[in-house]
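Student: coordinates for the following, if possible.
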Amino acid sequence: MPVRIPDNLPAAGVLISENIFVMSETRAANQDIRPMKVLILNLMPNKIETETQLLRLLGNTPLQVDVDLLRIHDKVSKHTPTDHMNTFYRDFDEVRSNNYDGLIITGAPLGQVPYEEVTFWSKIQEIIDWSQTHVTSTLYLCWAAHAGLYHLYGLERELLARKRSGVFPHRRASQPYPLLRGFDDEFFAPHSRYAEIPLAKLEAHPELNVLAHSDEAGAYLILSKDNRKLFVTGHPEYQKHTLRDEYFRDLGEGLEPDIPQNYFANDNPQHEAVARWFGHGSLLVSNWLNYYVYQLTPYDLHDMNAMTPWES
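Tutor: Here you go, the predicted structure:
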């Protein structure tokens, strides 16, 4: 949340130059406050695990957040009880007339499937297009990040020879993006995917900014220049044992997976996993929700054209 200070306080200029969020008394006095409405499109097989991970991050902010859970189709889930889906999840037709402050689209285990062969690809496209006029800011995770970059900007992903799995060091951009407030110069984040979009292609695109990348894992945080679309190629929501569970699952299915990098103590899967990304994951979602949703969204969600002009 911002520091509220008098309009002409000399410290304001110093704090702003240090990328500290300050708000003038004038702006604060004219702010209307209400709960943030966030829609989560959950594409992961184990819905309960993923929704819990995301709600844990959303709940670690000082903002009140009202959440709707969205499913991509009404087919019976193999990994989530039907009662849970029917009780807590909504179909797109039920929400298409709504406006939301934020939308989160999760990853999906579809890293090696061509987009056009994904059974619900047309619905994904429809929801992404709908979000342009009904959502203030959208957060795309892992597979959804690549899918969004492909649909919106025509950027093709490249399949990897081996699954990229592990916890990798990343460097932040030097520019003072609000999303990066509080970030260390180097931080860790988990990845679990079969594809990537080359860093050079993303850096060269005129409508995108790369905010963080890894020498080993490539681009990680990509922000559209209109500040309304954030693409995260990894999994900041993962819990301590998620990569472990994926590794042993793949091992049990005979896929001969590589041991997740920089994850198990001594790189031994029989040893305890080391979680070193929780602080970053929490800060990332908090900054997105504050600076790219709360500070920009209109008070009246019926008027999506009334978003607050961007202030750095």
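Student: going forward, measure contacts and count neighbours with C-alpha atoms only.
Tutor: Will do.
Student: quick one, helices of the stretch 101-250 of the chain?
Tutor: When secondary structure is read from DSSP state H, counting those that start in this stretch, the stretch 101-250 of the chain shows helices at 121-134, 143-153, 199-204, 242-252.
Student: most neighbours per residue, which of those?
Tutor: Most buried of the helices of the stretch 101-250 of the chain, by mean neighbour count (mean count of other CA atoms under 10 Å): helix 143-153, with a mean of 21.
Student: and that helix, what does it pack onto?
Tutor: In terms of contacts (3 or more CA pairs under 8 Å, 6 or more residues apart in numbering; DSSP states H and E), helix 143-153 is packed against strand 229-232.
Student: describe which strands the strand it packs on pairs with in its sheet and in which direction.
Tutor: strand 135-141 (parallel), strand 218-224 (antiparallel) (DSSP bridges).
Student: export those strands as JSON lines, with columns for mean neighbour count and mean pLDDT.
Tutor: Conversion of the strands paired with strand 229-232 to JSON lines gives the following (neighbours: other CA atoms under 10 Å; pLDDT from 0 to 100):
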{"stretch": "strand 135-141", "mean neighbour count": "25", "mean pLDDT": "97"}
{"stretch": "strand 218-224", "mean neighbour count": "21", "mean pLDDT": "98"}
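Student: and of the helices of the stretch 101-250 of the chain, who's closest to residue 172?
Tutor: Nearest of these to residue 172, taken as CA to CA: helix 199-204 at 13.7 Å.
Student: give me the contacts around the closest one.
Tutor: Contacts of helix 199-204 from elsewhere in the structure, counted by CA atoms under 8 Å, 6 or more residues apart in numbering, are 155, 208, 209, 210, 218, 219, 222.
Student: which residues touch the nearest residue to the first one once chain neighbours are set aside?
Tutor: The reference is to residue 155. Nearest-residue entry for residue 155: residue 149, 5.7 Å, with adjacent residues in sequence omitted and distances by CA to CA, 6 or more residues apart in numbering. The neighbourhood of residue 149, defined by CA under 8 Å, 6+ apart, consists of 155, 156, 231.
Student: just the pLDDT at the second one, thanks.
Tutor: As summarised for this prediction, residue 156 has a pLDDT of 96.
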